[in-house]
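# Sequence unavailable; structure follows:
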């Protein structure tokens, strides 16, 4: 009920329900309740308003302790920013005793190694002993800063303290070594992991493959994909996209198409990013047959964004005068409940007017009008595809 009220922005009714719950059974109001309510408030209100709402829980929660504060910090980290969460922590830290969970929430995502170290030291000075999550956060900031000596110093400290490295630790190191231009050393970590009884997962392999793509050593990347399969792991869309990006920048559509066929053969569904790499290179090289096959696969299997891909597809078809194909793809899209963009519709409309295909144009216009108002699509996703592979060395899970 609280979630529904919050989603509807009925915050006054939310507080009324909480007050009623307190009268009936105060034990039902928990830190989880705090986080559910604050998450909805933070989505539409400022940081200051979110903190003010948090303070209202003082009279509602039976034990207003670190768990409640952690709910606030987690909410701000997820709905606002890590900087907001940390600033609020520093303004409130004298009101409660921080625990390990507090610091682990706030340790994530530091950009400055120096600031992360200060925060880590504050944690230890308070008598809070770091765990593997804490150490992984510190290793992450060192790896992103290419400070691999410091990262390995933390690894050694973990081992001295009897803390076993997990797959996240190793994957973070792989990403850091890639940034430092050491893809071979990163590959060796896969072997080291097994020796310590920690088996690489798909994310670890993806990070290693990414390193070889950055180094423009695609044969090594392909070999790692084969190794994944041999070890019983299935390459996922992220695996393929890392290589798609390199092939896109190399303008190698032949290899990209072969990789796409391999992807289909393993029943790994492409995502929108996969489709955009493919369709944009097809547009550049004017490969209509490939583009139509990709589109038909998307229609049949339901993967990728028809809206984003169709803009590039219709541009290709209209430039080459493939009006019948454009009309068919337009109607397929509409049948799937997807509205073509106004730009695409105008392209097709101009060609139909020139060809005096008034009846067909009337039909398409009617289809467009049935969708009502226009929703503009942000270009941020499309623009992200224009970034070179070297920009994508941060380890992503999956």
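Happy to help now that I have it. Treat the numbers as computed from the prediction; the structure is a model and nothing was measured. Residues are numbered from 1 along each chain as shown.
# drop to CA atoms for contacts and neighbour counts, all remaining ones
Noted.
# This structure: strands as residue ranges?
Remark: no strands are assigned in the chain by DSSP state E.
# separation between residue 288 and residue 370?
To residue 370, residue 288 is 29 Å away according to CA to CA, to the nearest Å.
# Counting neighbours around each, name which of the two comes out higher.
residue 288 (18 against 11; other CA atoms under 10 Å).
# Check that one and give its pLDDT.
Looking at residue 288, its pLDDT reads 97.
# ok, residue 271 - how many residues close by?
Per other CA under 10 Å, the neighbour tally for residue 271 reads 18.
# Same question for residue 233.
15.
# list the contacts for the residue lying closest to it once chain neighbours are set aside?
Nearest residue to residue 233, sequence neighbours excluded (CA to CA, 6 or more residues apart in numbering): residue 202, at 6.5 Å. Counting by CA atoms under 8 Å, 6 or more residues apart in numbering, residue 202 touches 228, 233, 234, 235, 236, 398.
# And the closest residue to the first one other than its chain neighbours, how close does it get to residue 96?
Going back to what we said before, that points to residue 228. Once flanking residues are discounted, residue 228 sits nearest to residue 234: 6.6 Å by CA to CA, 6+ apart. Taking CA to CA as the measure, residue 234 falls 46 Å from residue 96.
# Looking at these two, which one has more neighbours?
Neighbours per residue (other CA under 10 Å) separate residue 234 from residue 96, with residue 234 holding more: 16 against 13.
# Can you give me the pLDDT of that one?
You'll see residue 234 listed with a pLDDT of 95.
# Surely it and residue 224 touch.
No - counting by CA atoms under 8 Å, residue 234 sits too far from residue 224 to count as a contact (11.5 Å).
# quick one: contacts of stretch 77-86?
For stretch 77-86, using CA under 8 Å, 6+ apart, the contacting residues are 39, 42, 43, 47, 73, 74, 76, 105, 106, 108, 109.
# switch the cut-off to 10 Å
Stretch 77-86 is contacted from outside by 38-48, 70-76, 87-89, 92-93, 103, 105-110, 119, using CA atoms under 10 Å, 6 or more residues apart in numbering.
# what's the span of that stretch, first residue to last?
End-to-end distance of stretch 77-86: 8 Å, with CA to CA as the criterion.
# quick one: buried residues of that stretch?
Buried residues in stretch 77-86, counted by 16 or more other CA atoms under 10 Å: 77, 79, 80, 81, 82, 85, 86.
# Turn those into CSV, columns for distance to residue 9 and pLDDT.
Formatted as CSV, the buried residues of stretch 77-86 follow (distance: CA to CA, whole Å; pLDDT from 0 to 100):
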residue, distance to residue 9, pLDDT
77, 21, 93
79, 16, 93
80, 18, 93
81, 21, 92
82, 24, 91
85, 23, 94
86, 26, 93
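# Sitting in helices, which of those do you find?
Under the assignment DSSP state H, the buried residues of stretch 77-86 contribute 77, 79, 82, 85, 86 to helices.
# between the residues you listed, which is closest to residue 329?
Closest to residue 329 out of those is residue 79 (38.3 Å), distances taken as CA to CA.
# Against residue 111, how distant is the closest one?
For residue 79, the distance to residue 111 (CA to CA) stands at 19 Å.
# Then residue 330?
Noted for residue 330: a distance of 45 Å to residue 111, by CA to CA.
# Same check on residue 221?
Distance of residue 221 to residue 111, computed by CA to CA: 29 Å.
# neighbour-wise, which of the two wins?
For residue 221 versus residue 111, neighbours defined as other CA under 10 Å are more numerous around residue 221 (24 against 13).
# nearest residue to that one other than its sequence neighbours?
Distances taken as CA to CA, 6+ apart place residue 209 nearest to residue 221, at 4.9 Å, with adjacent residues excluded.
# Verify the stated contact: that neighbour with residue 190.
No - between residue 209 and residue 190 there is no contact under CA atoms under 10 Å: 11.4 Å.
# what residues are shared contacts of those two?
residue 174.
# Compare these two (neighbour count), which wins?
Neighbour tally, residue 209 and residue 190, criterion other CA under 10 Å: the higher count belongs to residue 209, 29 against 21.
# residues contacting the more buried one?
174, 178, 183, 186-187, 203, 215, 217-218, 220-225, 239-240, 242-243.
# could you flag which of those residues are buried?
Among the contacts of residue 209, those that count as buried by neighbour count (16+ other CA under 10 Å) are 174, 178, 183, 186-187, 203, 215, 218, 220-222, 224-225, 239-240, 242-243.
# Can you flag which of those belong to helices?
Using DSSP H, the buried ones among the contacts of residue 209 in helices are 174, 178, 183, 186-187, 203, 218, 220-222, 224-225, 239-240, 242-243.
# just those now: which is nearest residue 19?
Comparing those against residue 19 with CA to CA picks out residue 203 as the nearest, at 45.6 Å.
# Local confidence estimate at that closest one?
96.
# Quick check: it vs residue 184, distance?
Per CA to CA, residue 203 is found 17 Å from residue 184.
# do the same with residue 226
Distance check for residue 226 against residue 184: by CA to CA, it reads 17 Å.
# Likewise for residue 78?
Counting by CA to CA, the separation of residue 78 from residue 184 is 35 Å.
# mind listing the helices in the stretch 251-398 of the chain by residue range?
Remark: helices assigned in the stretch 251-398 of the chain by DSSP state H, counting those that start in this stretch are 253-265, 272-285, 288-301, 306-319, 323-335, 342-354, 358-369, 380-384.
# I'd like the ones you listed laid out as TSV, including distance to residue 11.
Below are the helices of the stretch 251-398 of the chain laid out as TSV (distance: least, CA to CA, whole Å):
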stretch	distance to residue 11
helix 253-265	48
helix 272-285	36
helix 288-301	41
helix 306-319	35
helix 323-335	38
helix 342-354	38
helix 358-369	37
helix 380-384	32
